[in-house]
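Participant: Give me the fold of what follows.
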Amino acid sequence: MMNVINKTIQGLVLASLMLMTPVFADMVVIVHPSNDNPITQDFLKNLYLGKTQTFEDGSRAKPLDLSPGDDLRQTFLRIAVEQKPVQYRRHWSKALFTGGGEPPEEVTSQRQVIEMIAENPDMIGYVDAELLDDRVKSVLRVRM
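Facilitator: Residues are numbered from 1 along each chain as shown. Now for the predicted structure:
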């Protein structure tokens, strides 16, 4: 009887731990539905570091960034921009000081990223894939 109770408790503990394990969805890079420009990781890296300001067709590219400390931003910086948040912050501090450009516009939520891109063909940003809707177009999926 005691053995059955112990196995039941072990099973419940294991099930609880599995439920507590964080599950991350994919991240998607999004643009306005009318934007047909190809988007690559190299383009994203150069755009978010201020090394390019236009899409391939010559139109202005306006990147949106989530607030510092946001988990998705940290993941995006690590995977797409290939920088740690401290490196990214340092890069933009130096660029601002030397007149080397301005960092991407920061927004407070992923929903705000979607709303702004839905209204502006020049904007580009990133959100959790689960938030994707038909007001914007996914151009690159990042597996997390």
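Participant: For the protein, which segments count as strands?
Facilitator: Here the chain has its strands, by DSSP state E, at 27-31, 62-66, 105-107, 123-128, 137-142.
Participant: pLDDT (mean, whole number) over the fourth one?
Facilitator: Looking back up the chat, that one is strand 123-128. Averaging pLDDT along strand 123-128 gives 98.
Participant: And the contacts of it?
Facilitator: Strand 123-128 has contacts (C-beta atoms under 8 Å, 6 or more residues apart in numbering) with 25-32, 35, 39, 47, 61-66, 72, 76, 80, 107, 110, 113-114, 116-117, 142. (Glycine included, C-beta is placed from N, CA and C.)
Participant: ok, now how distant is the residue nearest to the spatial centre of the chain from residue 140?
Facilitator: Geometric centre of the chain, nearest residue: residue 126, 3.9 Å, by C-alpha atoms, centre = their mean. Separation of residue 126 from residue 140 (C-beta to C-beta, to the nearest Å) stands at 9 Å.
Participant: what residues are shared contacts of the two?
Facilitator: Both residue 126 and residue 140 are contacted by 28-29, under the criterion C-beta under 8 Å, 6+ apart.
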